[in-house]
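Engineer: Let me see the structure of the following:
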Amino acid sequence: MRTALLLLGYNRLDYFEKTITSLENNTEAHQADLHVYLDGGPNAKQSEIIKLVNESKFQNPVIVTRDENWGIGRHLIDARRELFDNQKYDRVVLFEDDMTLNSDYLRTVLSLDDWTSKYSDVGTVMAFNLNSAQKKTQSEQLQKIIFTNRHFWGYCMRRTVWEEIKEILYEYESKYLTGIDYSSRPHRRIRFFFIRRWMKQGRNSRGGNPLSKSKWLNAPFPKWPWRSPTSQDAITALALWVKGYCRITTVVSRAKYIGEKGLHFSPEVFTEHGFHQQQVFDFSNESQVLDFQLDIETLQDRSAEKHYV
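Structural biologist: Model prediction:
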């Protein structure tokens, strides 16, 4: 299966260096094509990041630079347009510059993507989660997976899924991002004239061989999205939900989120979301998980999953 790795960057050199270093320690990363997309603008550090990429162990990475500041919304939507629509990759694994990965991260995600391919309703898979359990307990959870509404970090999506959801992303892009500074996008209009309109249409039933059951899932947005996020990630969650897809992650995290500072994060928000208490252990030398199972006990407690966060 033709696989691309999409790594996004802007100006956080310290984060980017940690992310690409951890990615290159994943053997499977060197069996895929690395595409690095760098946003531009007066605060960008494209040349410094390009130097880091060229000094890495990756062979022939593709580097795309924006000549102005696009903002993460247009930047990411356009990257997926290029890799899926134009270059026809079968699947893309996306990383922003704010995660450090265990050396089995990519192996786990690709194995999970292969495992879920027999189901008709899986939209994305990833191996990031907040798990507060100690190492012994987590060692017994390596095969377990759950449905998630968490942020999209280190996730894999197939082109077949993108083909079904892209109309919603492209409408969002053309109406609310084109010609507008991303940080000034019209939140109220997005919430009540876009998110609410799509949510009112209801969720499609995918048929076939679904993995999920409605009793295990929460919608990414409430009926009235007063304070709902309006980012492109949030709209991706919306599109997946409307088209009848679910999102999967492993119970045991194979990565650590390090983005304490960024467009949507501050040290206070980082702590508020519990990232300061991440319990991430490296099991890469102890287990190679190729088969997975739903953690039914966790899924029965729907309070464990809130709306998109």
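Engineer: Which stretches in the stretch 151-300 of the chain count as strands?
Structural biologist: 155-158, 246-250, 255-257, 293-294 (DSSP state E, counting those that start in this stretch).
Engineer: Now do the helices in the stretch 151-300 of the chain.
Structural biologist: 159-172, 187-190, 196-200, 232-242, 267-272, 296-300 (DSSP state H, counting those that start in this stretch).
Engineer: Nearest the middle, which residue of the chain would you pick?
Structural biologist: residue 152 (2.6 Å; C-alpha atoms, centre = their mean).
Engineer: Tell me how far it lies from residue 288.
Structural biologist: 25 Å (C-beta to C-beta, to the nearest Å). To be clear about C-beta, it is placed using only N, CA and C from the backbone, and glycine gets the same treatment.
Engineer: now, of the helices of the stretch 151-300 of the chain, which is deepest in the fold?
Structural biologist: Neighbour counts (mean count of other C-beta atoms under 10 Å) averaged over each of the helices of the stretch 151-300 of the chain peak at helix 232-242, with a mean of 24.
Engineer: nearest spatial neighbour of residue 216, skipping sequence neighbours?
Structural biologist: residue 299 (4.3 Å; C-beta to C-beta, 6 or more residues apart in numbering).
Engineer: Please list all residues in contact with the one you found.
Structural biologist: Residue 299 is in contact with 146-147, 216, counting by C-beta atoms under 8 Å, 6 or more residues apart in numbering.
Engineer: How much space separates it from residue 113?
Structural biologist: The spacing between residue 299 and residue 113, counted by C-beta to C-beta, is 20 Å.
Engineer: and what of residue 31?
Structural biologist: 14 Å.
Engineer: More neighbours: which of these two?
Structural biologist: Ranked by neighbour count (other C-beta atoms under 10 Å), residue 31 and residue 113 place residue 113 first, with 22 against 11.
Engineer: before we move on, back to that, I'd guessed the residue nearest to the centre of the chain sits against residue 126; true?
Structural biologist: Yes. Applying C-beta atoms under 8 Å, one finds residue 152 in contact with residue 126, separated by 7.4 Å.
Engineer: about what we covered before: format the contacts of residue 299 as a markdown table; extra columns: distance to residue 71 and neighbour count.
Structural biologist: A markdown table is the format used below for the contacts of residue 299 (distance: C-beta to C-beta, whole Å; neighbours: other C-beta atoms under 10 Å):
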| residue | distance to residue 71 | neighbour count |
| --- | --- | --- |
| 146 | 31 | 19 |
| 147 | 29 | 22 |
| 216 | 34 | 17 |
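Engineer: tell me which of those is nearest to residue 83?
Structural biologist: residue 147 (25.6 Å; C-beta to C-beta).
Engineer: which regions of the stretch 101-250 of the chain lie under the pLDDT threshold?
Structural biologist: Applying pLDDT under 70 to the stretch 101-250 of the chain flags no residue at all.
Engineer: rewinding a little: select, out of the strands of the stretch 151-300 of the chain, the one closest to residue 21.
Structural biologist: When these are compared by C-beta to C-beta, strand 255-257 sits nearest residue 21, at 13.1 Å.
Engineer: which other residues reach the closest one?
Structural biologist: For strand 255-257, using C-beta under 8 Å, 6+ apart, the contacting residues are 22, 98-102, 105, 127-128, 153-154, 275, 278, 280.
Engineer: ok and the strand or helix carrying residue 114 relative to strand 246-250, angle-wise?
Structural biologist: Applying DSSP states H and E as the criterion places residue 114 in helix 105-116. If you take axes from the mean of the first three to the mean of the last three C-alpha atoms, to 10 degrees, helix 105-116 sits at 130 degrees to strand 246-250.
Engineer: for helix 105-116, which positions count as buried?
Structural biologist: Under the neighbour-count criterion of 16 or more other C-beta atoms under 10 Å, helix 105-116 has 105-113, 115-116 buried.
Engineer: Could you do stretch 135-146 as well?
Structural biologist: 138, 141-146.
Engineer: residues in contact with it?
Structural biologist: Applying C-beta under 8 Å, 6+ apart, the contact partners of stretch 135-146 are 112, 129, 131, 133, 248-252, 279, 281, 283, 286-287, 289, 291-295, 298-299, 304-305.
Engineer: What of stretch 207-216?
Structural biologist: The contact list for stretch 207-216 (C-beta under 8 Å, 6+ apart) reads 116, 118-122, 147, 246, 248, 294, 299-300, 302.
Engineer: Repeat the analysis, applying 6 Å as the threshold.
Structural biologist: Stretch 207-216 is contacted from outside by 119-122, 147, 246, 299, using C-beta atoms under 6 Å, 6 or more residues apart in numbering.
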